[in-house]
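Asker: I'll drop the sequence and a predicted model, then ask my questions.
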Amino acid sequence: MAGRSRTGVTRREFLVGMGGTVAAGAALSGGARADEGDGPPVAESDRVLGPEAVRITIALNGENRTLDVEPRVTLLDLLRSSLDLTGAKKICDRGACGGCTVLLDGEPVNSCLVLAIDADGREVRTVEGLAADGALTPLQEEFVRHDALQCGFCTPGFVMSCHALLSRNPDPTEAEVRAACAGNICRCGAYSGVLAAAMAAAKRRR
């Protein structure tokens, strides 16, 4: 027959067959999507948040606080602008200086790099939450005694980094203190005082 290829299939038969294959594939794909829609609900971790404010609860310096925050707000901005806790400093705002260091579940973090909603259900401690009833901690007293500050702008970040270290390691070496403060920058150059203060505080804890 004219138009029939060497395989015995005409062009018309080939196109009709391909059309059926495409239609069947589309039907199967639609069925798969329907099955997905009937599946389990989206996990909490996969929820889309925003752009409206989201309600979160954080244990802030030992007190539960419930707030409505936009998903774009950082933990640093929440602390400074909404809660008036200005100990954590907004300096580089890119996690390079350590001036905004706070403890999140006991671990030091750059709060400028943490979204406030990521602190939901977790414990946050700032430098304001260290002293009890207005009395400085031994670490803070040693910072004063060893002149571990000049302008004082970076001091809260150093205090929080050293506090985190001494909480998990009450007997650190000088090298371990330096490593713990590696992410903190002091433009005044009070590093030797910070090191001496941390070592003296460790000695008092022992």
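Answerer: Looks like it came in fine.

Asker: drop to CA atoms for contacts and neighbour counts, all remaining ones
Answerer: Noted.

Asker: Where does pLDDT dip in this protein?
Answerer: 1-47 (pLDDT under 70).

Asker: ok, which stretches of it are strands?
Answerer: For the chain, the strands defined by DSSP state E cover 54-60, 63-69, 101-104, 107-110, 123-125.

Asker: which of these sits most buried?
Answerer: strand 101-104 (a mean of 25; mean count of other CA atoms under 10 Å).

Asker: circling back: need the strands of the chain in CSV (columns: distance to Ile185).
Answerer: Output for the strands of the chain, formatted as CSV (distance: least, CA to CA, whole Å):
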stretch, distance to Ile185
strand 54-60, 25
strand 63-69, 30
strand 101-104, 11
strand 107-110, 13
strand 123-125, 20
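
Asker: out of those, nearest to Ala116?
Answerer: strand 63-69 (7.4 Å; CA to CA).

Asker: Measure how far that closest one is from the centre of its chain, please.
Answerer: Distance of strand 63-69 from its chain centroid, counting by CA atoms, centre = their mean, to the nearest Å, is 17 Å.

Asker: Likewise for stretch 160-176?
Answerer: The answer for stretch 160-176 is 21 Å, by CA atoms, centre = their mean.

Asker: which other residues reach that stretch?
Answerer: 101-103, 106-108, 126-127, 139, 177, 180-181, 195, 198-199, 202-203, 205-206 (CA atoms under 8 Å, 6 or more residues apart in numbering).

Asker: distance between the ends of that stretch?
Answerer: 15 Å (CA to CA, to the nearest Å).

Asker: what does stretch 133-148 give?
Answerer: 23 Å.
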